[in-house]
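Q: The sequence and its predicted three-dimensional model are supplied below.
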Amino acid sequence: MFGRRATARLPGEAANENDPGNPATVAESHKPRLEQGRPMPRPVTLLNQEVNPMAATPSFVLSCPDIAPGSVIPDRFAEDNRLSPRLVWSGPPEGTRSFALAVTDPDLPEAFNFPRSFAHWLVTNIPAEVRELPEGASGSLRLPHGAAEFNSDFVTFKIPGFGKGYGGPWPPDRAHRYFFTLYALKTDMVELPADADLGAFAAAVMPVAIDAASFVAVYGPAKKSLPA
(Lines give C-alpha, C1' and ligand atoms only; values in the text may rest on other atoms or scores of the structure.)
Protein backbone atom coordinates (compact mmCIF):
# COMPACT_ATOMS: atom_id res chain seq x y z
CA MET A 1 0.00 0.00 0.00
CA PHE A 2 3.06 2.24 0.25
CA GLY A 3 4.12 1.59 -3.34
CA ARG A 4 6.52 -1.26 -2.52
CA ARG A 5 6.45 -4.31 -4.81
CA ALA A 6 5.73 -7.64 -3.15
CA THR A 7 9.15 -8.97 -4.19
CA ALA A 8 11.14 -5.84 -3.24
CA ARG A 9 13.83 -6.02 -0.55
CA LEU A 10 15.73 -3.44 1.46
CA PRO A 11 19.54 -3.80 1.76
CA GLY A 12 20.30 -6.76 4.04
CA GLU A 13 16.66 -7.89 4.20
CA ALA A 14 15.79 -11.54 3.64
CA ALA A 15 13.72 -12.52 0.65
CA ASN A 16 10.14 -11.34 0.96
CA GLU A 17 8.11 -14.02 2.65
CA ASN A 18 5.13 -13.03 0.51
CA ASP A 19 6.97 -13.78 -2.72
CA PRO A 20 4.99 -16.53 -4.52
CA GLY A 21 8.30 -18.17 -5.41
CA ASN A 22 9.40 -18.22 -1.77
CA PRO A 23 6.54 -19.43 0.42
CA ALA A 24 6.59 -18.19 4.00
CA THR A 25 7.97 -20.63 6.53
CA VAL A 26 5.64 -21.08 9.47
CA ALA A 27 6.62 -22.89 12.65
CA GLU A 28 4.80 -26.16 12.95
CA SER A 29 3.91 -25.32 16.54
CA HIS A 30 2.10 -22.16 15.46
CA LYS A 31 -1.60 -22.92 15.52
CA PRO A 32 -3.60 -19.68 15.74
CA ARG A 33 -6.89 -19.88 17.55
CA LEU A 34 -9.85 -19.12 15.36
CA GLU A 35 -13.14 -17.46 16.13
CA GLN A 36 -15.74 -17.65 13.34
CA GLY A 37 -12.93 -18.32 10.90
CA ARG A 38 -10.84 -15.33 11.99
CA PRO A 39 -7.61 -15.48 14.06
CA MET A 40 -8.15 -14.41 17.66
CA PRO A 41 -5.74 -11.83 19.12
CA ARG A 42 -3.02 -13.11 21.41
CA PRO A 43 -3.17 -12.03 25.06
CA VAL A 44 -0.62 -9.36 25.98
CA THR A 45 0.79 -9.04 29.49
CA LEU A 46 1.04 -5.39 30.56
CA LEU A 47 3.62 -4.21 33.07
CA ASN A 48 1.94 -2.94 36.22
CA GLN A 49 4.47 -0.40 37.50
CA GLU A 50 4.39 3.22 38.48
CA VAL A 51 6.13 5.74 36.24
CA ASN A 52 7.79 8.80 37.66
CA PRO A 53 8.20 11.51 35.01
CA MET A 54 10.61 13.40 37.29
CA ALA A 55 13.13 10.56 37.57
CA ALA A 56 15.55 9.18 35.00
CA THR A 57 14.70 5.72 36.32
CA PRO A 58 10.93 5.49 35.63
CA SER A 59 10.26 3.04 38.45
CA PHE A 60 11.92 5.29 41.08
CA VAL A 61 8.88 6.77 42.81
CA LEU A 62 8.48 8.81 46.00
CA SER A 63 5.02 9.22 47.52
CA CYS A 64 3.19 10.18 50.68
CA PRO A 65 0.01 8.31 51.63
CA ASP A 66 -1.43 11.49 53.15
CA ILE A 67 -0.29 14.01 50.53
CA ALA A 68 -1.19 13.32 46.92
CA PRO A 69 0.91 15.14 44.28
CA GLY A 70 -0.52 18.62 43.73
CA SER A 71 -2.78 18.44 46.78
CA VAL A 72 -2.92 20.62 49.88
CA ILE A 73 -0.69 19.49 52.75
CA PRO A 74 -2.84 18.55 55.79
CA ASP A 75 -2.74 20.92 58.77
CA ARG A 76 -1.21 18.31 61.05
CA PHE A 77 2.03 18.52 59.06
CA ALA A 78 2.12 22.33 58.91
CA GLU A 79 2.83 25.49 60.90
CA ASP A 80 3.55 24.90 64.60
CA ASN A 81 2.98 21.14 64.27
CA ARG A 82 6.36 19.42 64.10
CA LEU A 83 4.98 16.12 62.78
CA SER A 84 6.80 14.85 59.70
CA PRO A 85 4.67 12.96 57.14
CA ARG A 86 5.14 9.35 56.16
CA LEU A 87 7.15 9.01 52.95
CA VAL A 88 7.38 5.81 50.90
CA TRP A 89 9.51 4.99 47.87
CA SER A 90 10.22 2.16 45.48
CA GLY A 91 12.28 1.21 42.44
CA PRO A 92 15.60 2.96 43.18
CA PRO A 93 18.22 2.65 40.46
CA GLU A 94 20.88 -0.04 40.47
CA GLY A 95 23.93 0.91 42.48
CA THR A 96 22.05 2.91 45.14
CA ARG A 97 23.96 2.74 48.43
CA SER A 98 22.05 5.36 50.45
CA PHE A 99 19.36 8.03 50.17
CA ALA A 100 19.09 11.72 51.01
CA LEU A 101 15.88 13.72 51.39
CA ALA A 102 15.09 17.40 50.94
CA VAL A 103 11.77 19.19 51.43
CA THR A 104 12.02 22.73 50.10
CA ASP A 105 9.93 25.81 49.31
CA PRO A 106 11.04 27.90 46.29
CA ASP A 107 8.31 30.53 46.76
CA LEU A 108 9.69 32.62 49.61
CA PRO A 109 8.48 36.27 49.42
CA GLU A 110 10.96 38.66 47.82
CA ALA A 111 10.88 40.78 50.97
CA PHE A 112 12.86 38.04 52.73
CA ASN A 113 15.76 38.69 50.32
CA PHE A 114 16.76 35.02 50.50
CA PRO A 115 18.91 33.78 47.59
CA ARG A 116 17.68 30.17 47.53
CA SER A 117 14.82 27.85 48.39
CA PHE A 118 13.74 27.54 52.01
CA ALA A 119 14.69 24.14 53.50
CA HIS A 120 11.99 22.47 55.61
CA TRP A 121 13.60 19.06 56.07
CA LEU A 122 17.07 17.75 55.21
CA VAL A 123 18.09 14.14 55.84
CA THR A 124 21.15 12.20 54.69
CA ASN A 125 22.62 8.71 55.14
CA ILE A 126 19.31 6.88 54.90
CA PRO A 127 20.39 3.22 54.45
CA ALA A 128 19.95 1.67 51.01
CA GLU A 129 17.60 -1.07 52.26
CA VAL A 130 15.12 1.45 53.74
CA ARG A 131 11.94 2.12 51.75
CA GLU A 132 10.04 4.52 53.99
CA LEU A 133 10.20 7.15 56.67
CA PRO A 134 7.27 6.56 59.04
CA GLU A 135 5.05 9.39 60.19
CA GLY A 136 6.73 11.33 62.97
CA ALA A 137 10.20 9.97 62.12
CA SER A 138 11.86 13.36 62.46
CA GLY A 139 13.47 13.83 65.84
CA SER A 140 12.46 10.36 67.06
CA LEU A 141 13.70 6.79 67.24
CA ARG A 142 11.58 6.06 64.16
CA LEU A 143 14.23 7.72 62.02
CA PRO A 144 16.31 4.94 60.40
CA HIS A 145 19.48 4.06 62.26
CA GLY A 146 22.42 6.00 60.86
CA ALA A 147 20.34 8.71 59.18
CA ALA A 148 21.28 12.32 59.98
CA GLU A 149 18.95 15.34 60.12
CA PHE A 150 19.98 18.96 59.72
CA ASN A 151 18.55 22.35 60.60
CA SER A 152 15.56 23.70 58.72
CA ASP A 153 15.73 27.32 57.60
CA PHE A 154 13.49 28.27 60.49
CA VAL A 155 16.79 28.11 62.40
CA THR A 156 18.46 30.32 59.77
CA PHE A 157 15.75 32.92 60.32
CA LYS A 158 15.97 32.46 64.11
CA ILE A 159 12.32 31.44 64.42
CA PRO A 160 11.89 30.22 68.02
CA GLY A 161 10.93 26.62 68.69
CA PHE A 162 12.75 25.09 65.71
CA GLY A 163 15.96 23.08 65.51
CA LYS A 164 17.20 20.03 63.66
CA GLY A 165 14.69 18.04 61.67
CA TYR A 166 11.32 18.72 60.12
CA GLY A 167 9.75 22.17 60.08
CA GLY A 168 6.43 22.15 58.25
CA PRO A 169 5.00 24.68 55.79
CA TRP A 170 4.30 28.10 57.27
CA PRO A 171 3.94 30.55 54.35
CA PRO A 172 3.07 34.04 55.60
CA ASP A 173 1.68 35.48 52.38
CA ARG A 174 0.01 33.01 50.00
CA ALA A 175 0.00 29.40 48.83
CA HIS A 176 3.50 28.04 48.28
CA ARG A 177 4.80 24.93 46.52
CA TYR A 178 6.66 22.29 48.51
CA PHE A 179 9.07 19.96 46.72
CA PHE A 180 9.63 16.56 48.32
CA THR A 181 12.76 15.09 46.72
CA LEU A 182 14.53 11.83 47.47
CA TYR A 183 18.03 11.35 46.05
CA ALA A 184 19.50 7.90 45.35
CA LEU A 185 23.23 8.12 46.08
CA LYS A 186 26.18 6.00 44.96
CA THR A 187 27.90 6.34 48.34
CA ASP A 188 27.10 4.88 51.75
CA MET A 189 27.21 8.27 53.45
CA VAL A 190 27.98 11.93 52.91
CA GLU A 191 30.02 13.97 55.36
CA LEU A 192 28.38 17.19 56.51
CA PRO A 193 28.89 19.43 59.54
CA ALA A 194 26.09 19.42 62.11
CA ASP A 195 25.07 22.98 61.15
CA ALA A 196 24.96 22.32 57.38
CA ASP A 197 22.34 24.28 55.43
CA LEU A 198 20.70 23.56 52.06
CA GLY A 199 23.71 24.91 50.15
CA ALA A 200 26.10 22.55 51.93
CA PHE A 201 23.59 19.71 51.57
CA ALA A 202 23.38 20.23 47.80
CA ALA A 203 27.17 20.52 47.44
CA ALA A 204 27.61 17.15 49.18
CA VAL A 205 24.65 15.29 47.69
CA MET A 206 24.48 16.33 44.05
CA PRO A 207 27.91 15.04 42.94
CA VAL A 208 27.07 11.52 44.23
CA ALA A 209 23.39 11.42 43.20
CA ILE A 210 22.43 8.73 40.70
CA ASP A 211 18.81 9.80 40.37
CA ALA A 212 16.03 11.66 42.18
CA ALA A 213 12.31 11.04 42.70
CA SER A 214 10.06 13.95 43.57
CA PHE A 215 6.53 15.24 44.00
CA VAL A 216 5.07 18.67 44.71
CA ALA A 217 2.30 19.71 47.10
CA VAL A 218 0.95 23.09 48.21
CA TYR A 219 0.03 24.91 51.39
CA GLY A 220 -0.98 28.42 52.40
CA PRO A 221 -1.50 31.07 53.28
CA ALA A 222 -0.78 30.20 56.91
CA LYS A 223 -3.57 30.33 59.46
CA LYS A 224 -1.28 31.71 62.18
CA SER A 225 1.49 34.31 62.21
CA LEU A 226 5.07 33.16 62.47
CA PRO A 227 6.50 33.44 66.02
CA ALA A 228 8.42 36.65 66.55
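A: Right, received. Where do you want to start? Here the structure is a predicted model, which is why all the values come from computation and not from measurement.
Q: Just give me the neighbour total for residue 200.
A: 15 (other CB atoms under 10 Å). C-beta here means a position set from N, CA and C on the backbone, and glycine is covered the same way.
Q: quick one, longest helix in this structure?
A: Secondary structure of the chain per DSSP state H: the longest helix is helix 198-205.
Q: by contact count, what packs against it?
A: The elements that helix 198-205 packs onto, with contact taken as 3 or more CB pairs under 8 Å, 6 or more residues apart in numbering; DSSP states H and E, are strand 98-105, strand 118-127.
Q: Which among these is found nearest to residue 135?
A: Across the helices and strands packed on helix 198-205, residue 135 has its closest neighbour in strand 118-127 (13.1 Å, CB to CB).
Q: Using neighbour counts, pick out the buried residues of the closest one.
A: Of the residues in strand 118-127, 118-126 count as buried by neighbour count, 16 or more other CB atoms under 10 Å.
Q: from those, which single one is nearest residue 217?
A: residue 120 (11.4 Å).
Q: Can you check the pLDDT for the closest residue to the closest one other than its chain neighbours?
A: In space, and not counting its chain neighbours, residue 120 is closest to residue 103: 4.4 Å by CB to CB, 6 or more residues apart in numbering. Looking at residue 103, its pLDDT reads 98.
Q: What of residue 41?
A: At residue 41, pLDDT is 50.
Q: for residue 210, same thing?
A: 97.
Q: And the helices in this structure?
A: Under DSSP H, the chain gives helices at 153-156, 198-205.
Q: so which of those gets nearest residue 62?
A: Comparing those by CB to CB, helix 198-205 comes nearest, at 15.0 Å.
Q: in that closest one, what's buried?
A: 198, 201-202, 204-205.
Q: How about stretch 133-146?
A: Buried residues in stretch 133-146 (16+ other CB under 10 Å): 133, 135, 137-138, 143-144.
Q: re earlier: now for the buried residues of strand 118-127: which two are most distant?
A: Largest pairwise distance in these, by CB to CB, is 22.6 Å, between 118 and 125.
Q: Residue 219: which of the helices of the chain is closest?
A: Comparing the helices of the chain by CB to CB, helix 153-156 comes nearest, at 14.8 Å.
Q: hang on, the earlier thing: from the buried residues of strand 118-127, which is closest to residue 158?
A: Using CB to CB, the buried residues of strand 118-127 come closest to residue 158 at residue 118, 13.8 Å.
Q: I'd say the closest one and residue 153 touch.
A: Yes - contact criterion CB atoms under 8 Å: residue 118 and residue 153 qualify, at 4.7 Å.
Q: tell me the contacts of the nearest residue to residue 93 once chain neighbours are set aside?
A: Spatial nearest neighbour of residue 93, chain neighbours left out: residue 57 (4.3 Å); criterion: CB to CB, 6+ apart. Residue 57 makes contacts with 91-93, 184, 211, as judged by CB atoms under 8 Å, 6 or more residues apart in numbering.
Q: try residue 201
A: So residue 201 contacts 100, 102, 119, 122, 124, 150, 192 (CB under 8 Å, 6+ apart).
Q: If we use 7 Å, what do you get?
A: 102, 122, 150, 192 (CB atoms under 7 Å, 6 or more residues apart in numbering).
Q: Any chance of those in a markdown table with distance to residue 63 as columns?
A: Listed next are those as a markdown table, based on distance: CB to CB, whole Å:
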| residue | distance to residue 63 |
| --- | --- |
| 102 | 16 |
| 122 | 20 |
| 150 | 23 |
| 192 | 26 |
